[in-house]
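Enquirer: Okay, here's the prediction I keep looking at, along with the sequence it came from:
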Amino acid sequence: MNATMKFALSMAIFGSIGYFSAKTNLPSIELVFIRCICACVVLSIVYLFSRRKKEAVEKKEIGYSILCGIFLVVNWVFFFRSFEYMSVTVAVSIYHLAPVLVVLLGSFLYRERVSLKLMLTVMICFIGTLLVGGMQDFLTFDALMSAGLPWAFGAALFYALTTLTGKKIAKLNPILTTIIQTGVGIVMLVPFVNWGYFNHLTGENWFYILLTGIIHTGFVYYLFFSSLPKLTSGTIAVLVFIDPAVAIFMDIVLTAYRPDFLQIIGILLIFWGQTRAAFKRKRSESLN
């Protein structure tokens, strides 16, 4: 399977995470903690029996993997937290501001001049975020926090940081990369886990918990990190459309969610901005 197919498949599987996470009956921190344990254990077994276990490991890429793992785990916690306040469609739409943030952060980190078009794209996406989050109904700070917008936007920011950092990991085995990152997640989250949430879980809950841990974490991020260094930022920004398309489709079909008119306008503005960001990356890469 080539890098494009791997990344596309990872996005399609990840697009279903909102529906499956609701079936686990766990809050964000506890769910991410279990996901990290499942993925770390399963991938460690796979890595130990793989032929590449004696490969050389670069210390610099280990450092990038740890940093990327921190960003990734915070991204997960914020993302699942947003589902506790808003629909999957709304949360995913805001979350996919990430490609626009990748372009904006990339311009800042690499000291590229921020163009008027880029600032216009950011403003349009910001307006779209306000509309899709229903911000016209939340005029106080407390109401804004209760709407879940900060969690979804924070998830988008840390997803962008994960993407930018992940592109620095080119030689490290993707399985080992994911093991390091999920190991970082276990260490980060164990002080914050409320063990009482695990006392009343059903067999169905555990099925979905293990599914999200093994498939939606271990397998998906193996595909994600094994393909990421081989793809251009422009290609990545285009392929990530698969994730929200699957998520919104499942939300509408399986949970019968119906966004209102202003939310539809907001979703279109965000995806329009994401498209412009994707093509900006493609153009800049074709000139290099």
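Expert: Everything's here; your move. Numbering: from 1, shown residues only.

Enquirer: Tell me where the model's unsure across the stretch 1-150 of the chain.
Expert: The model of the stretch 1-150 of the chain has pLDDT under 70 over residues 51-57, 99, 103, 106-115, 118, 122, 129-130, 132-147.

Enquirer: could you pull out the helices for it?
Expert: If you assign secondary structure with DSSP state H, counting those that start in this stretch, the helices in the stretch 1-150 of the chain sit at 3-14, 17-22, 28-48, 59-83, 88-95, 98-109, 116-132, 141-146, 149-166.

Enquirer: Most tightly packed of these?
Expert: Of these, the one with the most neighbours on average (mean count of other C-beta atoms under 10 Å) is helix 88-95, at a mean of 28. Where C-beta positions appear, they are placed from N, C-alpha and C, glycine not excepted.

Enquirer: Tell me the spacing between residue 219 and residue 42.
Expert: Here residue 219 is placed at a distance of 8 Å from residue 42 (C-beta to C-beta, to the nearest Å).

Enquirer: Show me whatever sits in contact with both of these two.
Expert: By C-beta atoms under 8 Å, 6 or more residues apart in numbering, residue 219 and residue 42 have no common neighbours.

Enquirer: Distance to residue 232 for the helices of the stretch 1-150 of the chain - can I get that in CSV?
Expert: Rendered in CSV, the data for these read as follows (distance: least, C-beta to C-beta, whole Å):
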stretch, distance to residue 232
helix 3-14, 10
helix 17-22, 25
helix 28-48, 27
helix 59-83, 19
helix 88-95, 22
helix 98-109, 12
helix 116-132, 18
helix 141-146, 36
helix 149-166, 12
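
Enquirer: Any idea which of those helices gets closest to residue 259?
Expert: Among the helices of the stretch 1-150 of the chain, helix 88-95 comes nearest to residue 259, with 5.9 Å by C-beta to C-beta.

Enquirer: quick check: angle from that closest one to helix 116-132?
Expert: Here helix 88-95 points in a direction 160 degrees away from that of helix 116-132 (axes from the mean of the first three to the mean of the last three C-alpha atoms, to 10 degrees).

Enquirer: neighbouring contacts of helix 88-95?
Expert: Contacts of helix 88-95 from elsewhere in the structure, counted by C-beta under 8 Å, 6+ apart, are 15, 18-19, 22, 79, 82-83, 128-129, 132-134, 148-149, 151-153, 155-156, 159, 243-244, 247-248, 250-252, 255, 257, 259, 263, 266-267, 270-271.

Enquirer: now swap in stretch 194-205 and tell me
Expert: Looking at what lies outside stretch 194-205 - C-beta under 8 Å, 6+ apart - the contacts are 23, 24, 25, 26, 27, 29, 30, 209.
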